[in-house]
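[1] My questions are about this predicted structure, shown below with the sequence.
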Amino acid sequence: MKKVTSSWENLNDLLGINEKNVRSTFIYIIAIFSILISWLLLSDYLFLNYLDKLQDGRMIHMLMNLIFMILLGIISVNLIRNFIKSMNKAKEVNSLLSSVADSANEIVIFAINRDYQFTYFNKMAKQAMLELWNKDIMILTSLLDTIVLKEDREKAQKNFEKVFCGETIKLVEDYGHPDLKRYYWQNYYAPVYDVKHDIIGASIFSINITNLVEAEKQSRLLSNIDELTGLYNRRYFNSAMNKLASDQDNLPLSIIMADVNGLKFTNDIFGHGEGDQLIKHFTTVLQECLDDKAIIARLGGDEFAILLPNTDSYNVNQTIIELQKHINAVLSERLILSVSFGHATKFSLKQPIDQILAKADSLMYHNKLQDRLYYESELSKSFYDYFYQNPVELEHAENTSKYCVDIGYALNMTPDDINILRLAGFIHDIGKITFNHQSLVRLLPNNDKDNEMIIKHSEAGYKILNFFDRFRDIADYVHYHHEHVDGTGFPSGLVDEDIPVFAKIIAVANTYDSLTASNIFNIALSKEDAIKQLVDQKNTILDPFIVDTFINILNDLN
C-alpha cells in the first residue's frame, strides 16, 4: 500500500528535509565508519612490521586501535542520535506548522514550484480553489490549469514570474470563476529558497477581504449618494462635472439646473414628509426620462443638477420639454409638482465649466420668478379642489361667507371691505387642508385635542395665505378668527381690541353656522337655541356689538 504523506511533507521534499535524506545521511555515516575500520585494519598490518620486534608492541597497537574505535563509536552514536533528534524535532515543527496552517480558517496558504505545480496547500486553499474555479487540487496539480479565466491566469503568471526573480509582492486582487463568484484577496507573494539559496518556487498567503472591499465600495458610494433620492449628491456632481468638462470627447456638454417650486412652503405647511414626496416624484420623472449617460444629482433641498455629455442646446431643450410633460402628469391630492429649469452648454474646452454652471443656474432662477404666478394659481386651485370637494366644508364655507357679508352690510362697510369679508369668510378654514378628511370637523374649543387642532389650522391657514400675494391682506383675519375677547382664545390669546374686527365678524358667523349646521359631525340647534348660545358667549368669546348686530339680522329675517 502506498504511504500517504501530507502536503507539508511534500514541501519538505522541496526544501530537502525528508526520510530519504535521513537514510542517505545514515548510509554516509556508515560508509565513513567502514572506511575508518578498513584503515585501522590496514594500519594494523603496517604497525606489525614496526612493532612486532618491540616488547608489548602489538598490545600497544591493539590498545590504540581499541581506544580509537571506542572514540569513533561514541562520536558516531552521538552524531546519529543528534541527527535523529533533530529530525524528530523537525517533524514536530512540521506537524505544528501544518496544523496551524490548516486551522487558519481565514488564510489561504499554498506553495508552487517553478513549473507552477502545487507543492503544498492548506485546507482553506483547497476549499478556495473549489469555490473560485470549481477545481479539486492535489499535490503537483498545475495552478495554471486550475485557473479558468484567461485574464486571471495571465495575471497570476505575471506575479509569480516576478517572485521567481526574487521579488516579494503584496497586492489586492480579485479572482474567481465568471459564472460562479469573484472574491477580493489580500495576497502576499514570496520566493522559496533551497539550502543553496536558489529560488525553487514561490509561496503565497491570501486573506479573503471581499466583505471589506464591498463595505468600502458601499461606503464610498454612500458618500456620493443623496440619501432621500438615491441620486448623486453635490460632491459627486462637482467631481463628475470637472472630469467630463476636461475631455473633448464629451463635448458639447450640457448642464440642466432644476428647482422644485414651493418645497419650503410644503415643508412648513404640510411637513417634511409631504415635501419629501414631491422630491421623490421629481426623482422618478428624472430617472424615467433620462438615459444612462445622464448624471443626475440632488445638490441639496429643492435643487437638482443634470450633466448631459454629447448634448447640444437643441437637444437639451427637447429634454426639458419632455421633463415638463412628465411633471405635469404627476398627480398629488393636495399639492402640485412644479419645477423651474435653466440650462447652458459647453462647446469648447476653453470655456470654463464654472461659467457654464453659473449661466444655467442664473437662467433657472429667472424662470423660477416667471413660473411663480402660474404655480400659485395652480396650487390655490389644487387646494380648492381638494378641500372643498368635502360637501360639509363647502356648505360651511358658503354659509360663513354669507353671514360675514350680512354683518358687513349691517355695519355699513364699504364694498371693498365686504368683498374682503366674503373671501375671508369663505376660506377661513383653509388651514384644515393639513388634516385628513376624517379630521375635518366643526372646531369648537371643547377639549385639549380640539384646542390643538384649532391652533394648528389657524396657523396653517395664516402661512398658506401669506404664501399667495393676493391673499396676504386677509391672512391675519383667518389667523385670529378663534381668538376670544376675554383673552382665552387661540392661537395667540389676544384680548378684545387687539383682535382684528374682520376676525371678530368671522368668529360670530363661524360659530352660528357650526351651531345650526346639520351633518354627520353635529346635531343642529334651532335658530332660537343658537341665538341663546351666541348671547351666552358675549363678552367672553364673541364681541358683544357684533353678536347683537348679527342677532338683529337674524330676527329681521322673520
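    Alright, I've got the coordinates. These numbers were taken from a predicted model, which means no experiment stands behind them.

[2] and the closest residue to Ile433 other than its chain neighbours, how many neighbours does it have?
    Spatial nearest neighbour of Ile433, chain neighbours left out: Phe387 (4.8 Å); criterion: CB to CB, 6 or more residues apart in numbering. Any C-beta I mention is one placed from the backbone N, CA and C, and that applies to glycine too. Using other CB atoms under 10 Å, Phe387 has 21 other residues around it.

[3] Against Asp469, how distant is Phe387?
    As judged by CB to CB, to the nearest Å, Phe387 and Asp469 stand 20 Å apart.

[4] would you put the C-alpha positions of the strand or helix carrying Ala344 in CSV?
    Applying DSSP states H and E as the criterion places Ala344 in strand 339-346. What follows is strand 339-346, C-alpha atoms only, in CSV (Å, rounded to 0.1, in the frame of the first residue of the first chain):
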residue,chain,number,x,y,z
VAL,A,339,-40.2,72.6,-11.4
SER,A,340,-38.2,75.5,-12.9
PHE,A,341,-35.3,74.8,-15.3
GLY,A,342,-32.3,76.5,-16.6
HIS,A,343,-29.6,75.1,-18.9
ALA,A,344,-26.3,76.0,-20.6
THR,A,345,-23.9,74.2,-23.0
LYS,A,346,-20.1,74.0,-23.1
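
[5] okay, Thr119: pLDDT?
    As predicted, Thr119 sits at a pLDDT of 89.

[6] repeat for Asp385
    At Asp385 the predicted local distance difference test score is 82.

[7] Could you check the one helix or strand it maps to and say which residues are buried?
    In this structure, Asp385 sits in helix 353-387 according to DSSP H and E. Residues of helix 353-387 classed as buried by neighbour count (16 or more other CB atoms under 10 Å): 353, 356-357, 359-361, 363-364, 367-368, 371, 375-376, 378-380, 382-384, 387.

[8] swap in stretch 270-281?
    Within stretch 270-281, the residues scored as buried using 16+ other CB under 10 Å are Phe270, Glu274, Gly275, Leu278, Ile279, His281.

[9] ok, the fourth one - contacts?
    Residues in contact with Leu278, defined by CB atoms under 8 Å, 6 or more residues apart in numbering, are Val260, Leu263, Thr266, Ser332, Leu335, Leu337.

[10] Report the secondary structure state of it.
    helix (DSSP: H, G, I helix; E, B strand; the rest coil).

[11] cool, the third one as well?
    The assignment at Gly275 comes out as helix when based on three-state DSSP.

[12] okay but it is in contact with Ile269, surely?
    No - counting by CB atoms under 8 Å, Gly275 sits too far from Ile269 to count as a contact (9.4 Å).

[13] Can you classify Ser254 by secondary structure?
    Quick answer, by three-state DSSP: Ser254 is strand.

[14] For it, give me the pLDDT.
    97.

[15] give me every residue that touches it.
    Counting by CB under 8 Å, 6+ apart, Ser254 has contacts Leu307, Leu308, Thr311, Asp312, Ser313, Asn315, Val316, His343, Ala344, Thr345, Lys346.

[16] Out of those residues, flag the one nearest to Lys123.
    Leu307 (50.7 Å; CB to CB).

[17] Find the nearest non-adjacent residue to that closest one, please.
    Nearest residue to Leu307, sequence neighbours excluded (CB to CB, 6+ apart): Ile295, at 4.0 Å.

[18] and if you look at Lys504?
    Lys504 sits nearest to Asp543 (CB to CB, 6+ apart), 4.3 Å away.

[19] same check, this time on Leu515
    Ala530 (4.2 Å).

[20] what lines up beside the top strand by length along the chain in the sheet?
    With DSSP state E applied, the strand covering the greatest number of residues in the chain is identified as strand 182-193. When pairs are called by DSSP bridges, strand 182-193 turns out to pair with strand 169-176 (antiparallel), strand 199-208 (antiparallel).

[21] list the contacts for Ala360?
    Counting by CB under 8 Å, 6+ apart, Ala360 has contacts Ile255, Ile256, Met257, Gly342, His343, Ala344.

[22] about what we covered before: contacts for the strand holding Ala344 next, please.
    Contacts for strand 339-346 (CB under 8 Å, 6+ apart): 245, 251-261, 282, 311-313, 316-317, 320, 323-324, 327, 353, 356-357, 359-368, 371.

[23] quick one: Tyr480 from Ile505, how far?
    Between Tyr480 and Ile505 the distance is 11 Å, computed by CB to CB.

[24] Show me which of those two is the more surrounded one.
    Remark: of Tyr480 and Ile505, Ile505 carries more neighbours, 28 against 23, as counted by other CB under 10 Å.

[25] what about Leu525, neighbour count?
    Neighbour count for Leu525, taken as other CB under 10 Å: 17.

[26] middle-most residue in this protein, spatially?
    The residue lying closest to the centre of the chain (CA atoms, centre = their mean) is Leu222, at 3.7 Å.

[27] From Leu278, how far off is that one?
    Distance from Leu222 to Leu278, by CB to CB: 23 Å.

[28] repeat for Tyr477
    Distance of Tyr477 to Leu278, computed by CB to CB: 29 Å.

[29] next one: Val330
    Separation of Val330 from Leu278 (CB to CB): 9 Å.

[30] Correct me if wrong: the residue nearest to Leu515 contacts Tyr512.
    Yes - applying CB under 8 Å as the test, Ala530 and Tyr512 come out as touching, 5.8 Å apart.

[31] For the two, work out which one has more neighbours and name it.
    More neighbours surround Tyr512 than the other of Ala530 and Tyr512, with 24 against 20 (other CB under 10 Å).

[32] That one is in what secondary structure piece?
    Taking DSSP H and E as the criterion, the element that holds Tyr512 is helix 501-516.

[33] For that helix, name the packing helices and strands.
    Applying 3 or more CB pairs under 8 Å, 6 or more residues apart in numbering; DSSP states H and E, one finds that helix 501-516 contacts helix 391-410, helix 415-426, helix 475-479, helix 527-536, helix 544-556.

[34] Extract the C-alpha set from it and format it as CSV.
    Extracted in CSV, the C-alpha atoms of helix 501-516 (Å, rounded to 0.1, in the frame of the first residue of the first chain):
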residue,chain,number,x,y,z
VAL,A,501,-62.7,93.4,13.5
PHE,A,502,-62.9,91.2,10.5
ALA,A,503,-61.7,88.3,12.6
LYS,A,504,-64.4,89.0,15.2
ILE,A,505,-67.0,89.0,12.4
ILE,A,506,-65.7,85.7,11.1
ALA,A,507,-65.9,84.3,14.6
VAL,A,508,-69.6,85.1,15.1
ALA,A,509,-70.5,83.8,11.6
ASN,A,510,-68.4,80.7,12.1
THR,A,511,-69.9,79.9,15.5
TYR,A,512,-73.5,80.4,14.4
ASP,A,513,-73.2,78.1,11.3
SER,A,514,-71.4,75.5,13.4
LEU,A,515,-74.3,75.5,15.9
THR,A,516,-77.0,75.3,13.3
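
[35] and Asn208, what is it in contact with?
    Neighbouring residues of Asn208 by CB under 8 Å, 6+ apart: Glu106, Val108, Ala128, Tyr183, Tyr184, Trp185.

[36] circling back to that earlier point, from the contacts of Leu278, which land in helices?
    Leu263, Thr266 (DSSP state H).

[37] Look at Gly230 and give its secondary structure.
    coil.

[38] Which of the contacts of Ser254 are buried, as a PyMOL select command?
    Entered in PyMOL, the line below selects the buried ones among those, by 16+ other CB under 10 Å:
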select buried, resi 307+308+311+316+343+344+345+346
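
[39] of the contacts of Ser254, closest to Ser239?
    Lowest distance from Ser239 to these (CB to CB) belongs to Leu307, with 10.9 Å.

[40] coming back round to it: just how off-centre is the helix holding Asp385 within its chain?
    Put simply, helix 353-387 sits 30 Å off its chain's centre (CA atoms, centre = their mean, to the nearest Å).
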